[in-house]
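Chemist: Predicted model follows, preceded by the sequence.
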Amino acid sequence: MNKYIYLPLLLLLSLFLTACDQKSDSDKTQVTKQEINIGMTPSMHNILMEKIVKPKLEAIGYKVNLVNFSSLRDSDTALAEGSIDLNAAQHQAYLDTYMRETGNDDLVSLVHIPSISAALFSMKYSSVNDIKNGQTIAIPNDPSNAARALIMLQKLNWITLKNDINLGAASIHDIAENKYNLQFRVVLSELIPRMLDEVDFAIMPGGIAWMSKVDAKHAIYYEQLSPNLEILVAIKKQNLTAPWAEDIKKLYQSDEMKQFITEDPDAKGRFIWPQG
């Protein structure tokens, strides 16, 4: 009789111990992880990783692999699939768009990092007051940066957007009033620097302008960054509390990082410290 009573108890105990062993192995993996794979796409924000984060991580014992991708979308896909551990070149608005389009909800923000604002550029004019009827303006064609450009134009009172839209996903089709009958050229952000002589005005991400060596003197209006447009470190939810993730977060929030963006010749005057 007793053996029939004890057998279920022994099975339950065995399952409990097995679960504990598996949890311990998982915790051990998080604690002992020493190799970090980081997705890198063309971005001026890479300077923060290359000059501060990577050297500091290696100094405390991590092996850091920088994995290059031609597009942020490819990098996000690799992150979702687990072939890289993080990337640091997008804002929340872009990440939300990616997750909505792919049906993936496993990517989250670890920490907001210093960002570069977009700006309105012109090779022909020196002030926003030089706006005239029928002028041409180039804006990015990707959804998140196109929305940013249109929000900037609304703040300038050059256009009015419809009231019942999601501003983070605004497109030229959501313009309710085009006060100056602006002619839009919607193109890849990377092409805008080459078009500056062909248009009256252009809006582009600050990193694109920097990489293309567009002189800052041609920027006549800067974007006021909201938290959802600040660059962030994207990571899988399951890794948010991992020790290696905490080490990365601390480095992006460190005094060394603050000093770098205010004093380094290549970074000085380019970055804005995150609010979010």
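Modeler: The structure has been received and is ready for your questions. Everything quoted here is computed from the prediction, not taken from an experiment.

Chemist: could you show me where the strands are in the protein, in order?
Modeler: For the chain, the strands defined by DSSP state E cover 35-40, 63-68, 86-91, 107-112, 119-121, 136-140, 159-161, 175-178, 183-187, 201-204, 219-222, 231-236.

Chemist: Mind putting the ones you listed into TSV with mean pLDDT?
Modeler: Output for those, formatted as TSV (pLDDT from 0 to 100):
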stretch	mean pLDDT
strand 35-40	98
strand 63-68	98
strand 86-91	93
strand 107-112	98
strand 119-121	96
strand 136-140	97
strand 159-161	97
strand 175-178	98
strand 183-187	97
strand 201-204	96
strand 219-222	92
strand 231-236	97
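
Chemist: out of those, nearest to Ala78?
Modeler: Closest of the strands of the chain to Ala78 is strand 35-40, at 5.9 Å (criterion: CB to CB). Where C-beta positions appear, they are placed from N, C-alpha and C, glycine not excepted.

Chemist: measure Gln118 to Lys250 for me?
Modeler: One thing to correct before we go on: residue 118 is Ala, not Gln. As for Ala118, its distance to Lys250 is 28 Å (criterion: CB to CB, to the nearest Å).

Chemist: what do you get for Glu230?
Modeler: For Glu230 relative to Lys250 (CB to CB), the value is 18 Å.

Chemist: Compare those two (neighbour count), which wins?
Modeler: A direct count of neighbours by other CB atoms under 10 Å for Glu230 and Lys250 places Glu230 higher, at 21 against 12.

Chemist: contacting residues around that one?
Modeler: Glu230 sits next to His91, Gln92, His112, Ile113, Ser115, Ile272, Pro274, Gln275, Gly276 when contact means CB atoms under 8 Å, 6 or more residues apart in numbering.

Chemist: The protein: helices as residue ranges?
Modeler: 2-32, 46-48, 54-59, 72-81, 92-102, 143-155, 192-195, 206-211, 243-252, 255-263 (DSSP state H).

Chemist: How about the contacts made by Thr136?
Modeler: Leu182, Gln183, Phe184, Arg185, Glu198, Val199, Asp200, Phe201.

Chemist: again, but for Gln275
Modeler: Counting by CB under 8 Å, 6+ apart, Gln275 touches His112, Leu225, Pro227, Glu230.

Chemist: so what's it scoring on pLDDT?
Modeler: Gln275 carries a pLDDT score of 83 in this model.

Chemist: now it: how far from Tyr221?
Modeler: Applying CB to CB, the value for Gln275 to Tyr221 is 20 Å.

Chemist: same check, this time on Arg194
Modeler: When Arg194 is compared with Tyr221 (using CB to CB), they lie 21 Å apart.

Chemist: before we move on, what about Asn65?
Modeler: Going from Asn65 to Tyr221 by CB to CB gives 39 Å.

Chemist: Show me where the stretch 1-150 of the chain dips below the pLDDT cut-off.
Modeler: Along the stretch 1-150 of the chain, the parts satisfying pLDDT under 70 run over 1-32.

Chemist: just to revisit the earlier point, please identify which of Arg194 and Tyr221 sits among more neighbours.
Modeler: Per other CB under 10 Å, whichever of Arg194 and Tyr221 has more neighbours is Tyr221, with 18 against 11.

Chemist: Quickly list what the more buried one is bridged to.
Modeler: Leu120 (DSSP bridges).

Chemist: wait, it sits on Val128?
Modeler: Yes - with contact defined as CB atoms under 8 Å, Tyr221 reaches Val128; the gap is 5.3 Å.

Chemist: shared neighbours of these two, anything?
Modeler: Joint contacts of Tyr221 and Val128 (CB under 8 Å, 6+ apart) are Leu120, Leu156.

Chemist: Which members of the contacts of Thr136 are classed as buried?
Modeler: For those, a neighbour count by 16 or more other CB atoms under 10 Å gives the buried set as Leu182, Phe184, Val199, Asp200, Phe201.

Chemist: Much appreciated, bye for now.
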